[in-house]
Structures are given as structure tokens and as C-alpha cells.
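Participant: Sequence first, then the predicted structure, then my questions.
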Protein chains: 2
Amino acid sequence: MTVKIGILGYGNLGKGIESEIKKNPDMELYGVFTRRDKSTVKASEGTKVYNISEAAEHKGNIDVMILCGGSATDLPEQTPEFAKLFNVVDSFDTHARIGEHFKNVDEAAKASGKAALISCGWDPGMFSLMRLYGSCVLPEGKDYTFWGKGISQGHSDAIRRIEGVVDARQYTIPVEAALEAAKSGEKPELTTRQKHTRECFVVVEEGADKKAIEEKIVTMPNYFSDYDTTVHFVTMEELKRDHSGMPHGGTVIRSGETGPSNEYKDVIEYSLKLDSNPYFTSSVLLAFARAVARLNKEGKSGAMTVFDIAPAYLSPLSGEELRHTML
Amino acid sequence: MTVKIGILGYGNLGKGIESEIKKNPDMELYGVFTRRDKSTVKASEGTKVYNISEAAEHKGNIDVMILCGGSATDLPEQTPEFAKLFNVVDSFDTHARIGEHFKNVDEAAKASGKAALISCGWDPGMFSLMRLYGSCVLPEGKDYTFWGKGISQGHSDAIRRIEGVVDARQYTIPVEAALEAAKSGEKPELTTRQKHTRECFVVVEEGADKKAIEEKIVTMPNYFSDYDTTVHFVTMEELKRDHSGMPHGGTVIRSGETGPSNEYKDVIEYSLKLDSNPYFTSSVLLAFARAVARLNKEGKSGAMTVFDIAPAYLSPLSGEELRHTML
């Protein structure tokens, strides 16, 4: 079975899908759907570009449409809308609104008989899976999630919105001592401040009040005020030269106990070190798109999350091959 | 739904199940089934003990029978036999015979309409899952599995079979430099000898030829000849004092690339540090037993592996609770 993939939105994630699809011999790129004037979109050679308004005409030709828009405004509208036409996968990550998003997508997908996977990627996604497996195989225990070292787009954007700031990159950095404490099996209580620091590289307008900008950053509620934050002012040239990558990663830890008197300590650790956040995320979305196509073929419809997908569905190998090579 | 668990075989694993079941509020121990004279089995207070020959009489009262026998001779017979009566979970780990075992169990379980999960635990089991997820989310890459530091029962037994040996414990130890190399993203080729060393603590009969015994250990094919092996002769008192625990663990690494020219390196690492191998294994088997009971209730029958089970089935929480707390 060849899985034909559509890409909706051609930003970092869309480009990642376009690239990583080639590493999956059972998959094929059907085309990119864009909101922009399609004549202005420079896709890779051989990639077909369509306008988003044409999508409905391609219903039936695409096995899974991967939605590469943002969680703030794109996906809450797009995922339910496109689930009426296609099996879909999104990477919706606004945690507080997942319940609502699931419900909207579920209604649309059940009505159309399509399968719709929401909140896929690495967090939510692979990290969510690890939290679930960890809590089930060690029912008495404590969870820790650390992020970084990596670029947080949300925090970078928050800095960019400050007057006088031209551009900025923010690194989220796990505190080594806190990571070690979490892995020790001692189940420490760790505060937000103890777990992560934030490091900002900021380009400002000529003559801007650096002291005031720094103060605005480190005291910004929700984003920085609960963290130890360092601000470095750099030139645009330095920012582009040293901070244009999109590395990320993190660690999920389950620290628990077994034994009649909980005398045995067990620590489970899952960590990711990624040179490129959007390319890895794309690769994860593709594996789950394969599963979504298959599940829909088996008659499954409605919204689902990574929790609802048996791992075998992610692989192009047969059950027998998987048992032989990976069990 | 309360999941009633039967335990077949009351060794380390059976005792682990009996203990860990108390950490799962939705589970209940139905009883232990033993091949021994049941009046000689000292189970914990409140645990009912039955003879294995009585098992059929309890059909219908037990949701899942967890088979705690060995892979060499017990499980190849017991799992197909008991799958005729019960949903079953086993920890069959003779890799070369998994295909055959799966087939035998599948036939029996399909005929009886029961669900039968084979080869569960941490390796095979959780490590298998990590190899599968890793290979799917990074299709171009290389796998590494390291074991230890931990006691290998098979290697300890192999030493005990040497004439003049009274008792022995063997530790499998991952080589730190090899682990670091595997995590580097450079995808090194690592030989068996480079990845692990073996350390043996051996009690011998009075007057035994230690030199000859050491030689027999380090040159033993399959078990030791491909490794750098260290042998320590100790007294029985020292062995009991310092080496009576059953710690284990290990690490699964997927090192892969993303990007149009594979320019981005990604490293996924999953590691376990376990104070007690049998208690952790028991805890894993119980989480999967919950899934097996549920899947069978939904009409699923036949043999399956951890690959075939959607993670949500492992948890006592509802889909909504999982999305809210773990996604």
C-alpha cells in the first residue's frame, strides 16, 4: 500500500514533510496546498503546489492530509474543516484547548468517516507516549519532563513583540543538577525555576534602551518571570551566524518504586537530542500518517491521539517481520 | 472494570506479580496456581493457592492468567495450553523461537476466543517498543541496545554448570565508551566485545582448580568467549552479602538523520535503571494484562505482542483523562 500525503501549509513543518517523505519508500507526496498565491511558492523540484481553495477537488486522491499550520489560529479551524474531506494529522499543542479541539475534530471526522489524529509530534507526541507508558508500568511514581536545550518559538516571539527589539532567539535550557536529581530515584520536588533556565539573544534598534528591554524580558509574566533568565544583546550578523538553527530535545523521566515495601527504585528515562525540531517533528508526523491511513482503511473514523494507535501500525513492516527483527 | 489476575508459577516473577498487583486499584489477585504440593507453598497472607491441575475449574473467574514459567521448557507448552482456557500474558524471551511460539499460541487462542500476549516485559517488551518507535520516527538510522549493569540469570546458570562451582552470579556491564559513542550521533559500528563486559563472582568447592575453572568460564562459547570477562572467586558469605540482589536495566538508542541531505542528526535514548528485574517485569506484565482483558472484552482474540496494543489500553484512566493529564 502506497500512502499518498498532502501537505497543508508550506512553512518549516511543511518543508520538513516534503523532505522526510522520501525516507519512507511506501509513501508519496501528492502535493502542497497553500494559502499564498501558488505561483509565488518555491517548492522543491517535482512538488505540485495547489491553492488551499482547490483542496476539495483532490478528495479521494489523498490518503492523509498533514496540517502544518499553527495551533493558535490555524488548526482549531483547519483540522475540523479538512477532516470533512480527508484523513488528517495535526500537531496541535495548545494544551489547555486539547479537549475542545478533540471534540470538534471528532464530530467532523465521524460524520465524514475519516480518521483524524491530533496533537502529534514529540511533545505532545512521543513524550506523551512516554508519560503514559511510564505511569502504567510504574503506577507508583513521579513524572518529570525537561525541555531543551532548544529554541522556543513562543518565547522568541514574545521577545520580538517588545518595542525596540528587531529579532530574538530564546533557548530553553534544562538545569543539569535538576536532571540528575530527577534521575536519582529520590523523587525530589522541583520548582519551575529549579528545572529550566532561559537564555535570550536579542537584536535591538539603534539607540534602544537595552536596560529597559532586558528588564521587560526577565519580568514578563508566564514567559520569563518564573525563570532565571539571561539576556545577551547581539548584532543581527551574530544572531544569524550563531543562532539560526532550530535544535531542540528534552527528557521524560518516570521515577517509581516496586517491591512489597516499595524497597526497589526504578528509573525510566527517555531523551531526544534533535539538530532540527521541525524535521524531526515531520518525520514523526509521517510515521503516524501511515498508521492513520491504515486504521481508516480498517474502518476506523473519528479523532484520535498517539495513545490510540497500536505501534505496529506505524511501521511499513509486517507483524511477522516486526516480531522477527524488533521484538 | 476490575481485572481478576491468576498467577501460574510462584517463583520470582510470580511473587513480583503478587506484590505489584496491589499498586493497581482496578486489579485483584484471584490466586496462585502451582505445580508444587500446594500445602508447601508459602504465599502472602490472603493469597489463595491452587494446584495447576485445578486451573480448568476456575475458567470464567479469571480475566487474565499471567504465566510466570521459564522460556526454555515451561512457556512453549503452557502458553498454548492455558490460552485454551484463559486470556494469558507471558514473558517468552527465546528470540529464535518467537515465530513458532506466536503461531502455536495464536492457533490455541483463536480457537478458544481468548487474547494471548507473548514476550512481554522489558526486553522483549518495553525495549522492543522503543526499537519499533525509533525505527519508524527515524527511518534512516541505526539501533543500539545495551544491557546492564545487571545480573544475567542465563550466564549465572552457565557458570554453575561447571564442575567444582557451587554458586555464581554474572553481571553484564555496558562499556561506557561504547554507550557514549552510540549516543554521539556518529553511528559507529560496535562489536560484541566493544559493547559489553562480563564480571563473574564464583564460589567453588574446597580444593577446586580455580585456574581451570576461570579458563573454562572465559572461553565458554556463546556465553563468554566473545567478551572481556573478569572472574572473581568469593566465599558463599560474600556472594550472599554483596550479590544477592537482582538489579538490571539497559539502554536502547536510535541514531538517525533528517533533512534534505541528512544534515541533521537526531538521537533517541531510552534507558531503564532497575533495582529489581523481576519486580519491574511483573509491573510491566500487569499493565499489559489490563490491556489484554480489555481487548478480549472488545472481541479481540489470538496471539499478540506489545506492538499490537494501543498504549491507551494499558492505563486505568479514560481517554479524556489521558488527553487531559498526559498528552
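Facilitator: Cool, got the structure.
Participant: Which stretches in the stretch 101-250 of chain A count as helices?
Facilitator: A:126-137, A:153-160, A:176-183, A:192-195, A:210-218, A:236-242 (DSSP state H, counting those that start in this stretch).
Participant: Next, the buried residues of the shortest one.
Facilitator: In other words, helix A:192-195. By 16 or more other C-beta atoms under 10 Å in any protein chain shown, the buried positions in helix A:192-195 come out as A:Lys195. In short, each C-beta sits where N, CA and C put it, glycine included.
Participant: of all the helices of the stretch 101-250 of chain A, which lies closest to B:Phe127?
Facilitator: Between B:Phe127 and those, the shortest separation by C-beta to C-beta is 11.8 Å, and it involves helix A:126-137.
Participant: quick one, what contacts the residue nearest to A:Ala182 when sequence neighbours are not counted?
Facilitator: What sits nearest to A:Ala182 in space, not counting adjacent residues and going by C-beta to C-beta, 6 or more residues apart in numbering or on different chains, is A:Tyr144, at 4.2 Å. Contacts for A:Tyr144 (C-beta atoms under 8 Å, 6 or more residues apart in numbering or on different chains) come out as A:182, A:190, A:195, A:251-255.
Participant: what are the ranges of the strands in the stretch 151-300 of chain A?
Facilitator: A:165-174, A:196-204, A:228-233, A:248-258, A:264-274 (DSSP state E, counting those that start in this stretch).
Participant: What residues does the stretch 51-200 of chain A have near chain B?
Facilitator: Within the stretch 51-200 of chain A, the positions near chain B by C-beta under 8 Å from any C-beta of the partner chain are A:95, A:98-99, A:102, A:119, A:124, A:126, A:128-129, A:131-133, A:135-140, A:183, A:185.
Participant: Kindly recompute the last result at 10 Å.
Facilitator: Counting by C-beta under 10 Å from any C-beta of the partner chain, the stretch 51-200 of chain A comes close to chain B at A:92-93, A:95-96, A:98-99, A:101-103, A:118-119, A:121-141, A:143, A:183-185.
Participant: And the residue nearest the centre of chain A?
Facilitator: With distances taken as C-alpha atoms, centre = their mean, A:Gly121 lies nearest the centre of chain A, 3.9 Å away.
Participant: what's the burial count for A:Val166?
Facilitator: Applying other C-beta atoms under 10 Å in any protein chain shown, we find 14 other residues in the vicinity of A:Val166.
Participant: circling back to that earlier point, filter the residues of the stretch 51-200 of chain A next to chain B down to the buried ones.
Facilitator: A:92-93, A:98, A:101-102, A:118-119, A:121-139, A:141, A:143, A:183, A:185.
Participant: Read off the pLDDT value for the residue in the stretch 1-150 of chain A that chain B sits nearest to.
Facilitator: As assessed by C-beta to the nearest C-beta, chain B sits closest to A:Cys136 within the stretch 1-150 of chain A, at 4.0 Å. According to the prediction, A:Cys136 has pLDDT 98.
Participant: Please list all residues in contact with it.
Facilitator: By C-beta atoms under 10 Å, 6 or more residues apart in numbering or on different chains, the contact list for A:Cys136 reads A:254, B:24, B:283-284, B:286-288, B:290-291, B:311-317, B:326.
Participant: do that again at 6 Å, thanks
Facilitator: Residues in contact with A:Cys136 (C-beta atoms under 6 Å, 6 or more residues apart in numbering or on different chains) are B:287, B:314-315.
Participant: Not counting its neighbours along the chain, what's nearest A:Arg294?
Facilitator: A:Tyr313 is the one closest to A:Arg294 (C-beta to C-beta, 6+ apart), at 5.3 Å.
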